[in-house]
Every structure is written in structure tokens, then in C-alpha cells.
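Participant: Sequence plus the predicted model coming up.
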Amino acid sequence: MKYQAFNQQIIELVGGKENIQAVVHCMTRLRFTLKDRSKAQTEALKEMDGVIDVVSNQVAYQVIVGTHVNDVYKELVSMIGLNPENQITEKKEKKNFVKSALDVVSESMTPILEPIICAGLLAAVLSIVSLTGIISPESSTYIIFDTLRGAVFYFLPIFMAMSCAKRLGANPYLAVALAVTILSDSINGASGLTMFGIPLPEITYSNSFIPILFAVWVMGYVTKFVKGIVPSSMQLFLTPVLVMIVMLPATLLVFGPLGFYLGEGIIGVFNWLLNTVGSWFVMMLYSALQPFLIMLGAGNFIMPVVASLIASNGYDPAFITSCTISDIAVGGAMLGYFLRTKNNKQKQLFGTVTVSAILGITEPAIYGVFVKYRRPFVAVMIGGGLGGLFAGITGVKAYSVAWGLFGLPSYIGEGDFANLWFMVAAVAISFLGAAIAAYMLGVPAEDGESVQEVKEVDGENSKISLRSIPLKSVVKGQLIQLSELDDKAFSSGALGKGVGIVPESNDIYSPVDGEITVVFPTKHAIGIKGKNNEEVLIHIGINTVELDGAGFDILVAAGDKVSAGQKIGTVDFASVKEAGYDPTTIVVVTNTNEYLDVIPEANKAVCDSDLAMNIIFE
């Protein structure tokens, strides 16, 4: 098994097999439903080779591993002994109905994106070969491939039934049987039908997802109820038929009409929004904000609406176009960073995620770069917003579900070359706009390091690049220089360069990312080794060793990993002062001689997140 060791480590760090209730995946992420999230070691997971990031929100506990997630998932499910065909995700925390519904729709759409994307790209290929005359639209070959394209959307209820059945605890084969039934010629779009003497409305179930989604959602509860009343010896025979006897009438009488009219209402609202506010506004807004939706795990929630819009209008007037524009803008932002950075490691990262984003896979860029550096969000909002604005003004339409660079030919539609050229112009605007914006915004240094350019003092005015490690303040208060301290060991610099802070708050924070090396028994001093081997000593008060820990509550121990800004203790400074001791908290870099310099900030009021000093090194 190629990913056995990798998966074994993930299993251990999420709390073990017994803590995993369910797991699904999307294009780049493993989405865990954990029984107890407090058992998951999130920071350790983030440090794993092969893990891009970890996101924990109300939807799921998400481990981002990259585009090979499908292979990782197959081995993972086998190792933890879960049945991927029938995972029941029951969350302990309560969520409102709207939130739960959006989660179900988003997670149910993820597994069926592959056939939808396939159909979209196939439509693009068919447009090209027909327009170039390579294959005639009347030929059998064209018709066969076009049937594949059309079948994916026509039988969308079947795909949705299988996908959401896994998510909602219904039997996927019974769910498919129900979907096939409502798509049959005798029911789908048929008029004059009655059931138990009750007339049924004429409903076209093909291309729609909401009726079957409602039906399968309720089927999960009905299945659970039936299994609870049917003897175990009879469940194999009675449970399926009883479930279907209940669900088929319920679907045709209740969920079918409800889902159909709700779907029509959703489409009506979006069409009204596009026709009144204008597609330019919708596309500009969505193109600018899509990375935030992806980051929150809600990137797929719009897909059912897109499928309905294409089925209703023959095209999507806003969203797929905006997705593509936004993805290309992400690639542009990464290109801007690629051109700007001088760090070879960063260049390799930015170059890799640039290519994947242009091809329509933006999660590696968003979780690997955007979340860390933040400024690219601004670049994409600028580039994506401009591209979306242009596409909206020119009325670009997406004739199929295909995004990324390879999806552009699908904008030809039925010979609509003007639509294609407007789309090409829109993505060019977004790409260049984001690239220029990212280049101008600059690259914040990785892992808290900053890059500065300074002039040498040899008169040649040449420039060298220096890196600096910023150290944050450890407590809210007034920053002062070591020379002002009433302690010769520190004020002379014998223990290293640093700063003093007269505290105005009782909370103590770590100034760097690193590991606790020592906590003195008297709790008045803490040693930290940073990620760049900087050795930092936090000395709380002067001569406070004599208090023997009274008034000190240290929350960390030797060996603990800490992050900059993490609370590591509290001190009752009022009692320290009452006992007659100077509460000034001192922070020094004890291995100062290993660096070019340690430069403290000027005297000022500081909070725990403010810069206190910089360690300078080549």
C-alpha cells in the first residue's frame, strides 16, 4: 500500500480509529467526522510531510493532502475498516436546518463532480470537432459521444441518489431504485397520473436534484425506523419493500412537487437577481470571493444551482464563468509571487500551485499559500473582480460545467465565438490583474521571516539580502531598553540582547514559534528554542526567584510546542509588586552571538501581538 505509513500517522493524529465516525473526500481534502475533535492533534498534523493544511469548521475536520486524495482515501478507508458505500455521519453538535442542508448538498455534490466535469469538457471537445469539420454533428460517432454528455445531466437524480445516500445513511441501491423509478417514461414528465385517487402534478424529474435529495434524506430516517420495528430475522425481506412502499408515494405526492417548485423558485430568484441587479455585479462579487468559499469548505454549494440553470436555460449566466475567472486569478497571483520572490523554496512552491490553479484546482494554492500569506486574497479580489466585471458587462455564458484553462472551448456553445473571445479576455484580465497586484503587494517571508534589503558600508552601494526573525511582545505593557533595567546581568547585555516590558496585563505569551526547553522550578523564567534555532529567555520580574513561584501560573512544560502569540502563563503582577519586586518582564536572545544582530524596537506601548525586536541574519 503506497500511502500506508502516511495514513497510519493521520489515523493516530486524529485520535485513532475509534475516534473516526466517517470520512469522505473532495478534490484535495479528507473530510473527517470525528467523535471527539479535542483528541485530534491539529498542529502535529499540519507539520506532517504531505499535509498542506488542516481546517476544522462546522462542516468537517478537513485534512488537505492534494489532488492525489482519491488514492489516499481508498487506502485510508480500508485501514480504518469503514465501508465507503454506507457511511453514516451523525454529528453531535446541533446545527440549524439551513446550515445542515447546505452541508449535505455541498458534500453530496463532491463525489459526482467527476462525471459532471467530464460531461462539460466533452461538450467543449464536441464543439471544436464539429466546428472544424473533423466530425459531423449528424454522424453516429458525434451522436454517441453527445449522448454521454447529455446522459450525465439527464440522470443527475441517480448520481445524487447514490452520493447523498452514503452521506445520509440510506441504502444507496434503494435510493438509486427510487431515482430510476421517477425517471421512467411512465412518471417523468407524464401528465394525468393519480395515486390513491390523488392527482399528481406533471413534473420533469430529469436534470433536477432537489426532489431526490429530499426523498433520500427522509429515506434514511424511514430506514432506521423500519429496522427498529422489523425482527432481525425478517429484515432482509421486509425492510426494502416497506421502505419503498413508504418512499415512492411520499416522493410523488410530497417531495417531488416540493422539490420541483423549490428548484424553480431558486432558479427564479437567481434569474431575477441577474436581470435586475445585473450579471456584472454577481460575477464580479463571486469571482472576487470564491477563494474564501473554498477555504470555508463551501466551494461546491453552488453546483446544484448551476446544473439547474443549465437544464432550464441551456447555459449558466454567472457562476461557472466566475469560478473559472477566479481560478485563473489565483494562478495569476501565484505567478506574481513566483516572479517577485528570490527564495528558491518559495519559487518552487509558487510555480507548482500556479499550474494547478490555472487548470482549475486551487486548493493547493489557497491552503498552501493564501492562508499563510493572506495578501494573495487581496490580489485575487482585484484581478478576479475586474475579470468578473468584464465578463458580466459582455454577457459571457457557460454552456456546460467545465472550468479552468481546458474548459474555455466549452464557451463556444453552438458556434458562439464572440462568447469565447469575451471569456478569453475576461480570464486574461483576471490573470494579469492578480499577477500585477500580487507582485506589487510583495511576498511576506515564510514562517515569520522577513526579507530586508540594506546597503553595505564599503562604499560600493551594493545590496545584500538579510533575513530577520521577528519576536513579538510577551505581555501587554510599556517596552523599555535593557540599559534601563536595574539589573546588571541583563542591562549589560551579558545574557544577550533583548528588551524589557513593564507589564499592564497578567497574561504571558510566547514571542516565537518553537519548543519550550525549560521552565524553572520557581516558574519565573522560561526558555524557548525557536524554529530558526533562536534561544529565547523570558525572565518574569527582577529577583522574583525569591517568590518561589507564588503568584505564577505557567501553562507549559519542557518539550511543549508553542506558537507565537500563544498564551503560556499568567502572573499576578499586583502581588509581585506588593511583595516589593520589580515586575518588569525581560526577553533576551541568549545566543545573540550566532546572529548578525538583535535589534530591539524603540520604547513604546505594546500588546502581545506587537513586534518587540528583530533577529538579523544572512
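Facilitator: Happy to help now that I have it.
Participant: Can you tell me the element the closest residue to Q21 other than its chain neighbours falls in?
Facilitator: In this structure, Q21 finds its nearest non-sequential neighbour in T33, 4.5 Å apart by CB to CB, 6 or more residues apart in numbering. For glycine as for every other residue, the C-beta is placed from the backbone atoms N, C-alpha and C. With elements delineated by DSSP states H and E, T33 resides in strand 29-34, which encompasses its position.
Participant: Find out how far that strand is from the centre of the chain, if you would.
Facilitator: Strand 29-34 has its average C-alpha position 12 Å from the chain's average C-alpha position, going by CA atoms, centre = their mean, to the nearest Å.
Participant: same question, stretch 392-402
Facilitator: For stretch 392-402, the gap between its own C-alpha mean and the chain's C-alpha mean amounts to 25 Å (CA atoms, centre = their mean).
Participant: which of the residues in that stretch are buried?
Facilitator: Neighbour-count burial for stretch 392-402, with 16 or more other CB atoms under 10 Å as criterion, is recorded at G392, T394, V396, K397, A398, Y399, S400, V401, A402.
Participant: Low-confidence stretches in the stretch 1-150 of the chain?
Facilitator: Residues of the stretch 1-150 of the chain that meet the criterion pLDDT under 70 lie in 1, 26-28, 57-60, 66-67, 82-107, 109-110, 113, 120, 124.
Participant: can you map out the strands along the stretch 101-250 of the chain?
Facilitator: Across the stretch 101-250 of the chain, reading from the start of the chain, the strands by DSSP state E, counting those that start in this stretch fall at 194-195, 198-199.
Participant: just the stretch 301-450 of the chain next, same as before
Facilitator: Along the stretch 301-450 of the chain, counting by DSSP E, counting those that start in this stretch, strands occupy 450-455.
Participant: so can I have a markdown table of the buried residues of stretch 392-402 showing distance to E515 and pLDDT?
Facilitator: As requested, the buried residues of stretch 392-402 are arranged in a markdown table below (distance: CB to CB, whole Å; pLDDT from 0 to 100):
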| residue | distance to E515 | pLDDT |
| --- | --- | --- |
| G392 | 51 | 90 |
| T394 | 56 | 92 |
| V396 | 53 | 91 |
| K397 | 55 | 89 |
| A398 | 51 | 87 |
| Y399 | 56 | 83 |
| S400 | 52 | 78 |
| V401 | 48 | 76 |
| A402 | 48 | 73 |
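Participant: Please identify the one among those residues that lies nearest to L131.
Facilitator: If you rank these by distance to L131 using CB to CB, Y399 comes first, at 13.2 Å.
Participant: From the buried residues of stretch 392-402, which land in helices?
Facilitator: Per DSSP state H, helices hold the following members of the buried residues of stretch 392-402: G392, T394.
Participant: from the buried residues of stretch 392-402, which single one is nearest E484?
Facilitator: E484 has its nearest neighbour among the buried residues of stretch 392-402 in G392, at 60.1 Å by CB to CB.
Participant: how close does the closest one sit to T354?
Facilitator: Separation of G392 from T354 (CB to CB, to the nearest Å) stands at 26 Å.
Participant: So which helix or strand of this structure has the lowest pLDDT on average?
Facilitator: Using mean pLDDT, DSSP states H and E, the weakest-scoring helix or strand in the chain turns out to be strand 450-455, at a mean of 40.
Participant: Can you name the next helix or strand after the strand holding T33?
Facilitator: The C-terminal neighbour of strand 29-34 among helices and strands, as given by DSSP H and E, is helix 42-46.
Participant: The closest residue to S483 other than its chain neighbours: neighbour count?
Facilitator: Using CB to CB, 6+ apart and skipping residues adjacent in sequence, the residue nearest S483 is S491, 5.4 Å away. With neighbours defined by other CB atoms under 10 Å, the count for S491 comes to 16.
Participant: now do L258
Facilitator: Per other CB under 10 Å, the neighbour tally for L258 reads 15.
Participant: and for the helix or strand encompassing it, what are the contacting residues?
Facilitator: According to DSSP H and E, L258 maps onto helix 256-273. Contact partners of helix 256-273, identified using CB atoms under 8 Å, 6 or more residues apart in numbering, comprise 182, 200-201, 203-205, 208-215, 282, 305, 308-309, 312-313, 318.
Participant: So which of those sit within helices?
Facilitator: With helices identified by DSSP H, the entries of the contacts of helix 256-273 that belong to them are 182, 210-215, 282, 305, 308-309, 312-313.
Participant: for this structure, what's the longest helix?
Facilitator: For the chain, the longest helix by residue count, based on DSSP H, is helix 417-441.
Participant: Against which helices or strands is that helix packed?
Facilitator: Helix 417-441 makes packing contacts with helix 319-340, helix 375-394 when contacts are defined by 3 or more CB pairs under 8 Å, 6 or more residues apart in numbering; DSSP states H and E.
Participant: ranking these by burial, who's on top?
Facilitator: helix 319-340 (a mean of 29; mean count of other CB atoms under 10 Å).
Participant: That one vs helix 256-273, what angle?
Facilitator: Angular relation of helix 319-340 and helix 256-273 on a 0 to 180 degree scale: 60 degrees, by axes from the mean of the first three to the mean of the last three CA atoms, to 10 degrees.
Participant: How far does helix 319-340 sit from its chain's centre?
Facilitator: Shown here is helix 319-340, whose average C-alpha point lies 16 Å from the average C-alpha point of the whole chain (CA atoms, centre = their mean).
Participant: And stretch 152-172, by the same measure?
Facilitator: For stretch 152-172, the gap between its own C-alpha mean and the chain's C-alpha mean amounts to 24 Å (CA atoms, centre = their mean).
Participant: in that stretch, what counts as buried?
Facilitator: Under the neighbour-count criterion of 16+ other CB under 10 Å, stretch 152-172 has 152-172 buried.
Participant: now swap in stretch 239-258 and tell me
Facilitator: Under the neighbour-count criterion of 16+ other CB under 10 Å, stretch 239-258 has 239-240, 242-244, 246-248, 250-252, 255-256 buried.
Participant: Tell me which of those fall in helices.
Facilitator: Secondary-structure check on those using DSSP H: residues within helices are T239, P240, L242, V243, M244, V246, M247, L248, A250, G256.
Participant: contacting residues for the closest residue to the third one other than its chain neighbours?
Facilitator: Closest residue in space to L242, ignoring its immediate chain neighbours: V226 at 5.0 Å, by CB to CB, 6+ apart. V226 makes contact with L238, T239, L242, V243, V246, according to CB under 8 Å, 6+ apart.
Participant: Distance-wise, check the closest residue in space to V230 that isn't next to it in sequence relative to A177.
Facilitator: The spatially closest residue to V230, leaving aside those adjacent along the chain, is L238, at 4.9 Å (CB to CB, 6+ apart). When distances are taken as CB to CB, L238 and A177 turn out to be 16 Å apart.
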